[in-house]
Each structure stands twice: as C-alpha cells, then as structure tokens.
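could you look at this predicted model? Sequence included:
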Amino acid sequence: MALTPAFIGAFGGPEMLIVLAIAVLLFGADKLPKLARSSGQAMGEFKKGRDQLESEIRESAESAATAEPEVSKSD
C-alpha cells in the first residue's frame, strides 16, 4: 500500500498567498522581482538543457535502430 502525502494537490489561493507573504518577509519586497527573474532564467536554461539532452538521446536511439547490425563470422 503506497502512502500519499495529504498535501499533494492541495495548494490553492490562500496557501499561495501565505507562501508569498513568507517570501516577502524573508527576501524583502525590493528583491522579489530580481529573485523571480533569475529563477525564471534558471528554469529556462534547465529546460533548454533538458530538451537538448532528450534530442541527443532520441537521435542516438534512432541511429542505433536504423544501423545494420554487424555480423561477425566465426572461423
């Protein structure tokens, strides 16, 4: 039997406001836009790297599938 945490999928408007209020208290209102911008840029770079890796894996799998297997002759 797998146990699932009760809070998964339970984040709504009030919870997000609480998280935002805590972030304002921790980082200050003037640093939040800069923090959000840098987080967005980091996520963009991560997605770009992930897409590139997936593309390379897909190309490698396709080339391995289309390549003729080498048959070795036993003497």
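Cool, got the structure.

where does the prediction get shaky in the chain?
Counting by pLDDT under 70, the chain contains low-confidence ranges at 1-10, 68-75.

quick one, helices of it?
Secondary structure of the chain by DSSP state H: the helices cover 13-27, 32-66.

orientation of the longest one relative to helix 13-27 in degrees?
On the basis of axes from the mean of the first three to the mean of the last three Cα atoms, to 10 degrees, helix 32-66 is oriented at 110 degrees to helix 13-27.

packing partners of helix 32-66?
Packing partners of helix 32-66 (3 or more Cβ pairs under 8 Å, 6 or more residues apart in numbering; DSSP states H and E): helix 13-27. C-beta: built from backbone N, CA, C; applies to glycine.

who's in contact with the helix it packs on?
For helix 13-27, contacts defined as Cβ atoms under 8 Å, 6 or more residues apart in numbering pick out 32, 35.

one more pass at 10 Å, please.
7, 11, 29, 30, 31, 32, 34, 35, 36 (Cβ atoms under 10 Å, 6 or more residues apart in numbering).

distance of the fourth one relative to residue 24?
So that's residue 30. 10 Å (Cβ to Cβ, to the nearest Å).

neighbour count winner among these two?
The neighbour count for residue 30 versus residue 24, taken as other Cβ atoms under 10 Å, is higher for residue 24 (13 against 8).

residue contacts, residue 48?
Shown in contact with residue 48 (Cβ under 10 Å, 6+ apart): no residues.

any idea how far it is from residue 62?
Separation of residue 48 from residue 62 (Cβ to Cβ): 21 Å.

how many neighbours does residue 61 have?
Using other Cβ under 10 Å, residue 61 has 10 neighbouring residues.

correction: the previous question concerned residue 35.
There are 13 residues near residue 35, going by other Cβ under 10 Å.

leaving out the residues flanking it, which one is nearest to it?
Leaving out its chain neighbours, the residue that sits closest to residue 35 by Cβ to Cβ, 6 or more residues apart in numbering is residue 27, at 5.9 Å.

gap between that neighbour and residue 11?
20 Å.

repeat that for residue 20.
Note on residue 20: its distance to residue 11, by Cβ to Cβ, is 12 Å.
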